[in-house]
Every structure is written in structure tokens, then in C-alpha cells.
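**Student:** got a structure for you, letters missing:
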């Protein structure tokens with residue numbers, strides 16, 4: 001009988017205890033105390049604060065008074081899903097743009113390296129040739145070499161900035 005009565009009292013008193021604040025403080029001898037009532041002359045620390053009552057929703061203005069815009073309603077599942085898909089699409093676009101930019105930069109660096117090597121070979125006087133329409137080698141003369149050097153310098157200046 002006593003156990004049943006204790007259980008009923010515990011169930012009734014439990015929710016009331018959860019709604020209160022709990023404070024902690026040290027007394028003059030350094031001993032820590034806990035209570036729901038703080039002492040008036042001690043430095044108190046709130047260990048747990050009770051729940052705060054939710055604010056009442058503001059009353060909507062009448063039709064003629066409409067000075068304030070209506071508050072935003074909570075998002076529905078469909079709106080949240082749409083916003084998520086939009087963010088995912090934007091992230092995918094940004095990733096694709098970054099990938100393309102990186103690929104373009106790598107191609108530019110590769111062309112720069114090749115043009116610098118070509119310019120070095122032209123300036124060092126190596127024998128250079130090109131293929132004619134029959135597939136035969138035709139060696140560059142001095143005028144063609146000078147034109148190729150100028151063309152390659154412009155390409156290096158453009159690509160290797």
C-alpha cells in the first residue's frame with residue numbers, strides 16, 4: 001500500500017519539480033549547495049532554468065488596419081524539399097564551373113609550357129622543319145624562323161601571364 005501511495009505522489013510531484021529553477025552556490029566554508037531558492041547574499045549560478053511559457057501569437061490586424069505584413073508561415077515539406085533541391089542544383093553548378101575553370105587553367109599552363117619550349121628551340125638555332133602538303137619535310141629559312149619566333153613570343157605572352 002505504501003509503495004502505491006509513494007508511486008502516485010512521485011508521479012504527481014514529478015512534473016512540478018521539472019518546471020522549477022535550480023541554483024548552485026558556495027557557502028563561507030566552501031561547501032556547494034543546490035536549491036530551488038537562491039540565498040539573498042551569495043553569488044549564485046543557475047544550474048537549470050525552468051521552461052519559459054511560449055509567447056502568445058500576435059493578433060492579426062483587421063482588414064482596414066493592415067500596417068504590418070503577415071508573419072511568414074512555417075515551411076511545408078514540399079517547400080523545404082524544393083529549397084533543398086535548389087541549393088543542391090546551385091552547388092552542382094558551382095562545382096561544374098570550378099571544374100571547368102580548373103580544366104581551362106591546366107590546358108593554358110600546358111600550352112604555355114609547350115610554347116616556351118618551342119620558343120627556346122627556335123631561339124637556340126636548332127634546325128626546325130614543317131611538313132608540306134605532300135608530307136615532306138621543309139626546313140625553315142631565316143625569315144620563316146623570325147616569323148615563327150615572333151608568333152611564339154606573342155603566344156607565350158598571352159598564355160603565360
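**Tutor:** That came through, no problem. A quick note: this is a predicted structure, and the numbers were derived from the prediction, not measured.

**Student:** how much space separates residue 35 from residue 93?
**Tutor:** 59 Å (Cβ to Cβ, to the nearest Å). All C-beta atoms are positioned from the backbone trio N, CA, C, and that covers glycine.

**Student:** more crowded one of the two?
**Tutor:** Higher neighbour count among residue 35 and residue 93: residue 35, with 13 against 10, using other Cβ atoms under 10 Å.

**Student:** just the pLDDT for the more buried one.
**Tutor:** Looking at residue 35, its pLDDT reads 81.

**Student:** my guess is it meets residue 23, correct?
**Tutor:** Yes - at 5.9 Å, residue 35 counts as touching residue 23 under the criterion of Cβ atoms under 8 Å.

**Student:** show me what the longest helix along the chain packs onto, helices and strands only.
**Tutor:** In the chain, taking DSSP state H as the definition, the longest helix is helix 77-123. Applying 3 or more Cβ pairs under 8 Å, 6 or more residues apart in numbering; DSSP states H and E, we find helix 77-123 packed against helix 142-159.

**Student:** following the longest helix of the chain, which helix or strand shows up next?
**Tutor:** strand 129-131 (DSSP states H and E).

**Student:** now do the helix or strand following that next one, average pLDDT.
**Tutor:** Later in the chain than strand 129-131, the nearest helix or strand by DSSP H and E is strand 137-139. Average pLDDT, strand 137-139: 90.

**Student:** check which helices and strands strand 137-139 sits against.
**Tutor:** Using 3+ Cβ pairs under 8 Å, 6+ apart, strand 137-139 sits against strand 129-131.

**Student:** got the contact list for the strand it packs on?
**Tutor:** With contact meaning Cβ atoms under 8 Å, 6 or more residues apart in numbering, strand 129-131 is reached by 137-140.

**Student:** ok, now stretch 23-39?
**Tutor:** 20-22, 42-47.

**Student:** which parts of that stretch are buried?
**Tutor:** Using 16 or more other Cβ atoms under 10 Å as the test for burial, stretch 23-39 gives 23-25, 38.

**Student:** hmm, which two among those residues are most spread apart?
**Tutor:** The largest distance within these, taken as Cβ to Cβ, falls between 24 and 38 and amounts to 9.0 Å.
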